[in-house]
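Peer 1: This is the structure alone, sequence omitted:
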């Protein structure tokens, strides 16, 4: 049994970009877990309308 594992989870979020306004997108979180408890978020990214993968630091949370 592994003590530390990596989990990838996708959920739908509301984001805001200057060019497109409010945007509903699927954000994928990559988290490090100890047993069932999440320790820290390693990375989060989203897929764009055109299929590109972007880092979530580029867009702000919804206003």
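Peer 2: Yep, that arrived. Please read all numbers here as calculations on a predicted model, not as lab measurements.

Peer 1: Is residue 32 bridged to anything, and to what?
Peer 2: In this entry, residue 32 is beta-bridged to residue 6, residue 40, by DSSP bridges.

Peer 1: Now do the contacts for it.
Peer 2: Taking C-beta atoms under 8 Å, 6 or more residues apart in numbering, we find residue 32 in contact with 4-7, 38-40, 42. Glycine gets a C-beta too; all of them are placed from N, C-alpha and C.

Peer 1: Look at residue 18 and say how many residues are nearby.
Peer 2: 7 (other C-beta atoms under 10 Å).

Peer 1: Next, it: phi, psi?
Peer 2: Note on residue 18: its backbone torsions stand at phi -70, psi -40 [degrees, to the nearest 10].

Peer 1: on that earlier part again, just the buried ones among the contacts of residue 32, please.
Peer 2: Neighbour counting by 16 or more other C-beta atoms under 10 Å classes none of the contacts of residue 32 as buried.

Peer 1: Next, format those residues as CSV and append pLDDT and distance to residue 17.
Peer 2: Formatted as CSV, the contacts of residue 32 follow (pLDDT from 0 to 100; distance: C-beta to C-beta, whole Å):
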residue, pLDDT, distance to residue 17
4, 92, 35
5, 94, 33
6, 93, 29
7, 93, 27
38, 91, 27
39, 93, 30
40, 94, 26
42, 91, 24
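
Peer 1: tell me which of these is nearest to residue 16?
Peer 2: Nearest to residue 16 among the contacts of residue 32 is residue 42, at 24.0 Å by C-beta to C-beta.

Peer 1: Wasn't that closest one part of a helix?
Peer 2: No: assessed by DSSP: H, G, I helix; E, B strand; the rest coil, residue 42 does not belong to a helix; its assignment is strand.
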